[in-house]
Structures are given as structure tokens and as C-alpha cells.
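Novice: No letters, just coordinates:
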């Protein structure tokens with residue numbers, strides 16, 4: 001963390017005007033320059049062993065998707081940004097399903113079996129912790145905690161205190177309450193089932209996220225007991241032990257309540273999905289993107305936009321999508337791993353995956369671009385046209401009802417309605433090449449491998465099985481027959 005980042009954290013703390021803020025400010029006064037050189041190894045433990053009974057699913061809860069990726073993947077992404085020395089994931093329900101799904105060999109995996117509470121879960125990680133490091137504890141079903149919030153906690157823990165993430169809720173039901181002493185210092189955490197009526201009235205609650213020295217944590221974990229209403233080993237009891245020994249417990253607070261919301265049911269998952277999408281929509285609009293309806297957009301990956309981009313309703317963005325300046329995305333479009341250059345017009349009901357589109361191209365409506373498709377500048381791809389592994393040159397047009405697969409198409413080519421590249425012989429794919437300025441008549445089949453020469457014209461209805469010479473008209477039709485006197489059949493009476 002550089003000096004400017006550290007200063008921003010201090011200002012954030014000072015703005016709260018709390019005892020904890022004053023403690024931090026006095027502790028770090030004059031240390032801004034030194035902090036640049038201070039390093040505290042960081043171990044991260046992620047609790048992900050829960051069954052998620054209310055999800056009513058065979059899939060481990062942390063593998064349910066939010067914004068297109070598993071809940072725990074969001075947590076891991078935030079953890080990665082802190083540069084930890086190690087990450088240990090505690091798993092249990094679902095057996096090896098979770099380690100296999102995440103498939104990150106650098107992670108340490110510790111199995112909790114049986115599952116006897118949060119304190120018992122963290123005990124499984126102790127063999128993987130460096131006693132000289134800080135330990136940050138996260139939860140696999142709390143996906144939206146910002147890295148900035150976690151960074152602030154590591155700063156506090158690095159100064160010798162215990163950083164505890166708490167939040168004030170209008171309805172604290174179900175959460176452990178933060179109990180403070182007469183001086184306003186954190187004294188302990190009491191779980192709801194063990195709380196007195198007075199304690200239940202407290203609205204500052206525990207999120208479960210904390211950061212503290214790993215060596216001290218291991219000692220406190222070894223002393224836990226399960227003498228409580230649930231018969232479990234509570235991680236929260238560590239806070240009471242620490243406070244009793246004179247350790248400073250400094251609460252941190254998230255910038256927004258959604259940072260600490262966890263998932264226990266499909267309804268909560270849906271609510272957090274919409275919150276997350278709203279946050280992403282707000283970010284896009286602050287960057288100058290026009291959203292016709294901010295409540296009807298889904299970003300399930302990363303979306304990068306240039307200036308003056310317009311996105312209509314019900315657009316879905318998956319994977320990595322880049323939209324250049326002035327791009328317009330019509331209603332009900334789906335884009336996955338796509339790059340659209342400046343000025344592209346994407347009309348409604350288009351589906352693009354693994355495609356790159358050049359500047360000022362016009363696509364749709366109802367067009368489908370499949371992986372490997374590359375369109376040059378000013379191309380036109382019209383309604384009910386499908387392309388796959390095809391490269392289309394400058395100002396070429398495929399406007400109606402066509403399939404073009406495994407093809408290389410030159411500049412200023414016109415492909416008529418109903419054209420098909422017959423690229424698959426039942427065993428292997430073959431390529432079609434159409435050179436510059438060619439004209440392909442409607443209802444044409446090009447049986448690959450085949451080449452249409454520069455400036456060639458294929459008459460409508462042609463089935464091309466041999467190369468078409470450059471600059472010539474090529475026809476392949478049955479001879480037309482006219483039968484005088486022929487009468488159309490009629491129904492029997």
C-alpha cells in the first residue's frame with residue numbers, strides 16, 4: 001500500500017469520528033512513509049464447508065452462481081487482490097465437488113468433517129498458517145466484500161490490533177451482537193441464541209470477517225469449547241478471549257451493507273444478484289454509458305465501454321466484452337467474449353460469442369456470430385444470418401437467411417439470401433474461400449473445399465462443387481421444363 005492509499009484509509013477512518021478511528025490515527029501518526037516499506041505476510045482462510053440446507057440443492061452452496069460465476073470465485077478474486085502468501089479453503093459438504101470445480105492448484109484445501117461450528121472450521125486451517133503472518137478470515141457465501149475494505153482490515157491488524165468487520169442493521173435478527181464495555185470498546189460477541197433481551201436490542205452485528213495475528217489465533221482456537229445453545233465451537237468466542245487478555249479489537253465498517261450480505265437461500269441469492277447488477281449499472285453510467293433501463297442489464301463477467309456507448313434493455317454480457325466508442329447494443333442481445341470496435345450497431349435479438357467486429361459494422365436483427373468469427377470494417381450481417389469460424393472482409397454483406405461457416409470472405413462481397421457453405425462432410429470440416437468483389441446469388445450452396453475467384457458471379461440456385469473462375473458467371477441449375485396442358489390435381493368429392 002503506497003502513501004496515498006494509506007492516507008485515504010486514514011481519512012476514511014477519521015470521518016467516522018469513532019474511538020477506533022482515533023486509536024488508529026494515533027497509532028500510525030508519522031508512519032506514512034514507513035508503512036510503504038512495511039510488509040506483513042498474509043494468510044487467508046475461506047470458510048466454505050456449509051451445506052446450505054435452505055438452498056435445497058445437491059450443489060455446495062458456494063458453487064451457486066452470482067453474476068455468472070460461483071459465489072466463492074468472487075471471494076477468491078477479492079482475496080487475490082490482497083497478495084496473500086497463502087489461501088486455505090475449508091470445505092465439507094459435497095465432498096471433492098468444490099476442489100474439483102475451482103481447480104486452483106495453489107490453494108490449500110482442508111476438509112471439515114464433521115462440521116462442528118465456525119471455530120472448529122478454522123481449526124482445520126491451523127496447520128496451513130504461518131504463525132508470523134496475519135490471518136484474514138472470509139466466507140465463501142459472502143461474495144461482494146470489496147478488496148478496499150479488506151485492505152483496511154489488514155492495515156489495522158498489521159499495527160497489532162484485531163480488525164473486526166461489523167455493521168449496524170435496522171433488523172439484526174439472526175446475527176451475533178457486538179457487546180461493548182462502558183468505554184465503548186469491544187468486549188465480546190454473543191450469538192443470538194445465547195443473548196439476553198438487552199443484548200438482543202443491540203443493532204451492531206458481527207459479519208464474521210476478521211483479521212488478526214495467526215499465531216495468537218491458533219492459541220485461542222485451541223481453548224474453544226462448545227458450551228452454548230447450539231453445542232458448537234464458535235469462532236466469535238476468540239474475540240472475548242482476546243479482549244479479556246487486553247488485546248485491542250478495532251471494528252471496521254463496510255462502505256455499504258451489501259458488502260457483508262451472505263447467501264442462505266435462493267431468494268437471498270436473487271436479491272444479491274440484483275444488488276450487484278445495480279452496482280455495475282451505476283458504475284457504467286458514471287463512466288458515461290447510456291443504459292435505457294439500468295434495472296434490465298446483466299453483466300456476468302467484465303464489460304469495458306468506450307465513450308457514448310448505448311445499451312438497450314435486457315442485454316446480457318458474459319466473459320470479457322469490450323465495446324468501442326459509440327457502439328449501440330439493441331434490446332435482448334447476448335454477448336460473450338466479444339469485442340466490438342467503434343461505431344458498431346448491434347440490432348435487437350443478436351447472439352455473439354467469441355467474435356471480433358470491426359468499426360461501423362451493422363449486425364442484425366436476429367444474427368448469430370459464433371466463435372472464430374471476425375468481421376472487418378463496415379460489414380453488414382443481417383437478419384437470421386449465422387457465422388462460425390468465418391472471416392469477412394471490408395464492406396462485405398450477408399444480409400438475409402444464410403449460414404457461413406469455416407469461410408474466408410474478401411472485400412466488397414455480396415452474399416444473397418439463403419446461401420449455405422456446406423463445410424462438413426460428416427467427418428471433417430472444409431473451408432470455403434470467396435475472393436474480393438464476388439457476387440453470390442440467392443439460394444446457393446457452396447460445397448467445400450471450394451474457391452470463388454475475384455469478381456466472380458454465382459447465379460441464384462447454384463450448387464457449387466468446383467472452383468468458380470474469377471470474373472465469370474457460374475451457373476449450376478436443372479433445365480427448366482414447361483408442360484402445356486398440365487392440370488393441378490383436385491380433391492375427390
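Specialist: Yes, it's here. Since we're looking at a predicted model, the values are computed, not measured.
Novice: quick one: contacts for residue 340?
Specialist: Residue 340 is in contact with 322, 323, 324, 327, 346, 357, 361, counting by C-beta atoms under 8 Å, 6 or more residues apart in numbering. Any C-beta I mention is one placed from the backbone N, CA and C, and that applies to glycine too.
Novice: Sort out which of the residues you listed are in strands and list them.
Specialist: Taking DSSP state E, the ones among the contacts of residue 340 that sit in strands are 322, 323, 346, 357.
Novice: The first one: neighbour count?
Specialist: I take that to be residue 322. By the criterion of other C-beta atoms under 10 Å, residue 322 has 17 neighbours.
Novice: Run through the bridge partners of it.
Specialist: Per DSSP bridges, the residues bridged to residue 322 are residue 304, residue 339.
Novice: What's the separation between it and residue 416?
Specialist: Distance from residue 322 to residue 416, counting by C-beta to C-beta, to the nearest Å: 32 Å.
Novice: residues near residue 381, how many?
Specialist: Neighbour tally, residue 381, other C-beta under 10 Å: 30.
Novice: Confirm residue 199 sits in a helix?
Specialist: Yes: the assignment for residue 199 (DSSP: H, G, I helix; E, B strand; the rest coil) places it in a helix.
Novice: Was I right to think it contacts residue 190?
Specialist: Yes: proximity of residue 199 to residue 190 meets the contact threshold set by C-beta atoms under 8 Å, at 5.2 Å.
Novice: pLDDT below threshold where in the stretch 351-493 of the chain?
Specialist: Within the stretch 351-493 of the chain, no stretch has pLDDT under 70.
Novice: Chain neighbours aside, what residue packs nearest to residue 396?
Specialist: Spatially, and ignoring its direct neighbours in sequence, residue 396 is nearest to residue 413 (4.2 Å; C-beta to C-beta, 6 or more residues apart in numbering).
Novice: The one you found contacts residue 397, correct?
Specialist: Yes: counting by C-beta under 8 Å, residue 397 is a contact partner of residue 413 at 7.4 Å.
Novice: and the two? which has more neighbours close in?
Specialist: Taking other C-beta under 10 Å, residue 413 and residue 397 do not tie; residue 413 has more neighbours (24 against 19).
Novice: what's downstream of the helix or strand of the chain with the lowest mean pLDDT, the next helix or strand?
Specialist: In the chain, no helix or strand scores lower on mean pLDDT, DSSP states H and E than helix 32-35, which sits at a mean of 36. Using DSSP states H and E, the helix or strand that follows helix 32-35 towards the C-terminus is strand 42-48.
Novice: Sheet partners, orientation included, of that following strand?
Specialist: Using DSSP bridges, the strands paired with strand 42-48 are strand 86-91 (parallel), strand 134-139 (parallel).
Novice: helix or strand right after it?
Specialist: strand 65-66.
Novice: distance between that next one and the chain's centre?
Specialist: 8 Å (C-alpha atoms, centre = their mean, to the nearest Å).
Novice: Any chance you could list what contacts that strand?
Specialist: The contact list for strand 65-66 (C-beta under 8 Å, 6+ apart) reads 71, 74, 143, 263, 269, 272, 273, 276.
Novice: Check the gap between the fourth one and residue 110 for me.
Specialist: In other words, residue 263. Taking C-beta to C-beta as the measure, residue 263 falls 22 Å from residue 110.
Novice: before we move on, back to that, among the contacts of residue 340, give me the pair with the biggest separation.
Specialist: Pairwise distances across the contacts of residue 340 (C-beta to C-beta) peak at 14.4 Å, for the pair 322 and 361.
Novice: Fine by me, thanks again.
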